[in-house]
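[1] A structural model of the following input is requested.
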Amino acid sequence: MNRIVLGALLGIAFGVADVLMTVFGKHPERTTGMMMQTFFS
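    Numbering: from 1, shown residues only. Take a look at the predicted model:
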């Protein structure tokens, strides 16, 4: 598999995992900005 494709897929997978941890975690406020920040970080 191409390195760029693999990097993009893993980046998306880790971003989704980070958002899911934030959604199901114990955070008092879950705004759209916070979700965008967790995905793109």
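
[2] please count neighbours and contacts with C-alpha atoms only from this point.
    Fine.

[3] give me the most central residue, the protein.
    Geometric centre of the chain, nearest residue: G15, 2.2 Å, by CA atoms, centre = their mean.

[4] just checking, it touches F39?
    Yes - here G15 reaches F39: they are 4.5 Å apart, a contact under CA atoms under 8 Å.

[5] now the residue nearest to the centre of the chain: how far from M36?
    Counting by CA to CA, to the nearest Å, the separation of G15 from M36 is 10 Å.

[6] what is the least confident helix or strand in this protein?
    Least confident helix or strand of the chain, by mean pLDDT, DSSP states H and E, is helix 32-40 with a mean of 75.

[7] that one packs against which elements?
    Helices and strands touching helix 32-40, by 3 or more CA pairs under 8 Å, 6 or more residues apart in numbering; DSSP states H and E, are helix 3-24.

[8] now do the buried residues in the helix it packs on.
    By neighbour count with 16 or more other CA atoms under 10 Å, helix 3-24 contains the buried residues G15, V16, D18, V19, T22.

[9] show me what contacts the last one?
    This points to T22. For T22, the contact set (CA atoms under 8 Å, 6 or more residues apart in numbering) comprises M35, T38.

[10] mind showing which ranges of this protein have poor pLDDT?
    27, 41 (pLDDT under 70).

[11] if we can go back for a sec, how about the buried residues of helix 3-24 in CSV, adding distance to T31?
    Below are those laid out as CSV (distance: CA to CA, whole Å):
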residue, distance to T31
G15, 16
V16, 16
D18, 15
V19, 12
T22, 11
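
[12] that older thread, now do the least confident helix or strand of the chain: everything it contacts.
    Residues contacting helix 32-40 (CA under 8 Å, 6+ apart): G15, V16, D18, V19, T22.
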